[in-house]
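1. Whatever this is, show me its structure:
(2 chains)
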Amino acid sequence: MFNRIMVPVDLAHLNALEKSLTVAADLARHYEAALCYVGVTTSQPSAVARTPEEYEQKLRAFAHEHAPDNGHEPTARVYNSHDPVTDLDDILVQAIEDADADLVVMATHLPKHLDAIMPANGSKIAAHTGASVFLVRPDAAE
Amino acid sequence: MANTPEQSPENPTESVGVPAPEGAANLIDTDYQIGQDNYQASPLGVNIDIHGAVFAVSSLVILAFVVLTPALPEQSSAIFDGVKNWINSHMTWFFLLAGNIFVLLCLGLILSPLGRVRIGGANATPDFSRPSWFAMLFAAGMGIGLMFYGVSEPLSHYGTAFGGTSIGDDGVRTDWAPLGAAADDPAGSTRLAMAATIFHWGLHPWAIYAIVALSLSIFAYNKGLPLTVRSIFYPLLGERIWGWPGHLIDILAVFATLFGLATSLGIGAKQAASGLDHLFGLGSGDTMLVLLITGITAIAVISIVAGVDKGVKRLSEINMVLAFLLLMFVVFVGPTLLIATGFIANLGSYLMELPFLANPFGREDANFSQGWTTFYWAWWISWSPFVGMFIARVSRGRSVREFLVSVLLIPSIVSVFWMTAFGSTAIKQLQDGFEGAVNAELQLQLFMMLGELPLADITSFIGIVLVIVFFVTSSDSGSLVIDTITAGGKIDAPKPQRVFWGVIEGAIAIALLLGGGLEALQAAAVSAGLPFTLVLLVGCFAIIMGLLSEPRPAKS
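-> So this is what the prediction gives:
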């Protein structure tokens, strides 16, 4: 049903991603699909990496560790942004096209009032792509 | 999920610490992680991610300032005047001397082998195309000031130089003429007026920006430290920059930026209000100013939310086109031949008079060197953390030489051209007997000059639009920069924080205008600029230390 599953990854907030990573790996095993981890970094040093090259190395290592054992080695794609806070949606839409993904699995937060003025990334991406989008919410207890 | 790549590397080159990216750069070995001292929370559903100490101290002091200044207008203007006068009369030599050091260092670096070092490492490629890069440099760097002073400054210097010198009872000169003036000599006065104006808008301001931008770029892109002002103190303070010495440096940078910005925003609002009043008779009182600043701040907030690429970059490009059209209009409709020959002549007068205008010691033209030059230098310096950081943010991938030529020489030449076009035209009008501009208030002089040319309503309107859009780009990029500093160098902090700073900038401009007018704005810029001059001098040292430890690509 799905051949390529894209998973946006923020290496600075891995705890928040745990559930979505598990979901993505389970789906990849179930559908025999390949995983593609996508990260967005900046030219400026950040908490995760001090250069864009370092970020790419870290994401590759991450992808290698998070292989679903279904025979498909996950790929990693890094996008560089001047302003990731605002560009994220556009970059992810572009990444879906570049990776030729037919399913996106991404973590999202619980709905809140501020979404009216600053919508969550997941809903905006679903509105701008033909791929299926699976938004994984945190557990209610969190 | 216990295994993050930091903890269990597959490959030794990806281990904790820093990999060497292909002979690129020489990263500083530090255990500090960007954002490690940050406070993260989501009160009321709004995500925040701030550096506790820097954000708390700077925002509380600024909020107190915004409330107290309009509440106690008499006391605050007395304080502003006192501070400004003291700095002007005692510290002029310091500002002038520091300015000269910055220019000489930049020129030296262009010529030296250190100019071959590439920002971001030997293999880095530029993030922005040259035209958008240049548009952002220019819009951030001067913008509103060129609109405000393009006509008024040459006219002021022409008037004072033509009037000659006068000595007061105490033996001190009371006139405002630059250097020795040129009494009753129209050609000499023009020469002196243009040289003095270009001096204030030429190499020195751009060298100030270049020093901040270059030192920040090297320590962020080549050394891997956070993009915040404390990083340039690393060669001097080492790991102590992560503690209170570093917090204080960043807080100082926030103050300098906010007051420098507020000065420009206040000046811009005054000019836009007078322009609108001139065209449409809307009045330019306090109510109008407050409405205008509020409205423009609202537009700025929209641009902030839109981000760098869709907001400030696009607006800067629009403004470059509009400014270019206005410039070409003045060149071709105004005295074309005079401007063309004036460009070379003014450049010549500038270079000839430069050593005297820039001399920090034994100046006889106290009013000019203290009232004009010192104010400008302090203003540029208080702007510099903001412009410098913004330039740094968009300049990765350029070599040091290319960077300095583009940040120092090209903008200086554009300034010469701009000042020649607007200044020479206005001076010519005055010499031909039109006294409308020279007798008008400073903020109206641009519109009076345009009024003597055809299509005055259209060009004046474009002038107002330019002022407003420059206001928006300054406020937008300023908010980005302050947000980065107060988030401990994170450039991906949540958006509501940027909006907060955008609103604060408008509020400071209103508070200062209501609390003491233009005088208050200038005093605030000057007082914020003085301590930051010391930061810049350290920046010079840091640039040299930083560049010396970088690999230099062989000559190609």
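
2. okay, CA-based contacts and neighbour counts for the rest of this
-> OK.

3. give me every residue that touches the residue lying closest to residue B:255 once chain neighbours are set aside.
-> Leaving aside its sequence neighbours, residue B:255 sits nearest to residue B:528 (C-alpha to C-alpha, 6 or more residues apart in numbering or on different chains; 6.6 Å). Residues near residue B:528 by C-alpha atoms under 8 Å, 6 or more residues apart in numbering or on different chains: B:252, B:255-256, B:259-260, B:378, B:382.

4. Of all pairs in these, which one is the farthest apart?
-> When these are compared pair by pair using C-alpha to C-alpha, the two farthest from each other are B:252 and B:378, 14.1 Å apart.

5. Tell me which residue in chain B sits closest to chain A.
-> When distances are taken as C-alpha to the nearest C-alpha, chain B approaches chain A most closely through residue B:34, which lies 4.4 Å from it.

6. Quick check, that residue in contact with residue A:46.
-> Yes - taking C-alpha atoms under 8 Å as the definition, residue B:34 is a contact partner of residue A:46 at 5.8 Å.

7. between the two, which one's more packed in?
-> Neighbours were tallied for residue B:34 and for residue A:46 using other C-alpha atoms under 10 Å in any protein chain shown; the higher tally belongs to residue A:46 (25 against 22).

8. ok so that one is a helix residue?
-> No - under DSSP: H, G, I helix; E, B strand; the rest coil, residue A:46 falls outside any helix and is assigned coil.

9. Give me the phi and psi for residue A:5.
-> The phi/psi pair for residue A:5 (degrees, to the nearest 10) reads phi -110, psi 120.

10. same check, this time on residue B:51
-> Comment: the main-chain dihedrals of residue B:51 come out as phi -80, psi 110, following degrees, to the nearest 10.

11. Give me the neighbour count for it.
-> Number of residues near residue B:51 (other C-alpha under 10 Å) recorded here: 23.

12. where's the closest residue to it other than its chain neighbours relative to residue A:47, distance?
-> The spatial neighbour of residue B:51 that comes closest, neighbours along the chain excluded (C-alpha to C-alpha, 6+ apart), is residue B:38 at 4.3 Å. Applying C-alpha to C-alpha, to the nearest Å, the value for residue B:38 to residue A:47 is 11 Å.

13. More neighbours: which of those two?
-> Counting neighbours by other C-alpha under 10 Å for residue B:38 and for residue A:47 shows that residue B:38 has the greater number, 19 against 15.

14. thinking again about what came up before, please report phi then psi for the residue nearest to residue B:51.
-> Backbone dihedrals for residue B:38, given as degrees, to the nearest 10, come out at phi -80, psi 160.

15. returning to what we had before: could you dump the contacts of residue B:528 to TSV with secondary structure?
-> Output for the contacts of residue B:528, formatted as TSV (three-state DSSP):
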residue	secondary structure
B:252	helix
B:255	helix
B:256	helix
B:259	helix
B:260	helix
B:378	helix
B:382	helix
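
16. Show me which of those residues are buried.
-> If you count burial by 16 or more other C-alpha atoms under 10 Å in any protein chain shown, the buried members of those come out as B:252, B:255-256, B:259-260, B:378, B:382.

17. I'd like the next helix or strand past the lengthiest helix in chain A.
-> For chain A, the helix reaching the highest residue count under DSSP state H is reported as helix A:14-31. Helices and strands here follow DSSP states H and E; after helix A:14-31, the next one along the chain is strand A:34-41.

18. elements contacting the helix or strand just after that next one?
-> Following strand A:34-41 in sequence order, the next helix or strand is helix A:52-65 (DSSP H and E). In this structure, helix A:52-65 packs against strand A:34-41, strand A:75-80, with contacts taken as 3 or more C-alpha pairs under 8 Å, 6 or more residues apart in numbering or on different chains; DSSP states H and E.

19. So which residues make contact with stretch B:335-347?
-> Contacting residues not belonging to stretch B:335-347 are listed as B:191, B:194-195, B:331, B:416-417, B:420-421, B:424-425 [C-alpha under 8 Å, 6+ apart].

20. how far out from the middle of the chain is the helix or strand hosting residue B:539?
-> Assigning secondary structure by DSSP H and E places residue B:539 in helix B:495-548. In terms of C-alpha atoms, centre = their mean, to the nearest Å, the centre of helix B:495-548 is found 9 Å from the chain centre.

21. Let's have the buried ones among the contacts of residue B:528 in CSV, adding pLDDT.
-> Formatted as CSV, the buried ones among the contacts of residue B:528 follow (pLDDT from 0 to 100):
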residue, pLDDT
B:252, 89
B:255, 87
B:256, 86
B:259, 83
B:260, 83
B:378, 89
B:382, 87
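
22. in stretch A:79-98, what counts as buried?
-> By neighbour count, with 16+ other C-alpha under 10 Å as the criterion, the buried positions of stretch A:79-98 are A:79-89, A:91-93, A:95-96.

23. among the residues you listed, which are in reach of chain B?
-> Within the set of those, contact with chain B (C-alpha under 8 Å from any C-alpha of the partner chain) is found for A:82-87.

24. Just name the closest of these to residue A:69, please.
-> Proximity of these to residue A:69, judged by C-alpha to C-alpha, is greatest for residue A:84, which lies at 31.6 Å.

25. So for that closest one, what's the nearest residue that isn't a sequence neighbour?
-> Looking at residue A:84 with C-alpha to C-alpha, 6+ apart, the closest residue is residue B:492, at 6.1 Å.

26. before we move on, what SS does the one you found have?
-> In three-state terms, and counting by three-state DSSP, residue B:492 is coil.

27. doesn't residue A:82 make contact with it?
-> No - assessed by C-alpha under 8 Å, residue B:492 is found out of contact with residue A:82, at 9.6 Å.

28. tell me which element the nearest residue in space to residue B:164 that is not next to it in sequence is part of?
-> Nearest non-adjacent residue to residue B:164, counting by C-alpha to C-alpha, 6+ apart: residue B:183, 4.0 Å away. Take DSSP H and E as the rule and residue B:183 turns out to sit in neither a helix nor a strand.

29. Perfect, I'm done here.
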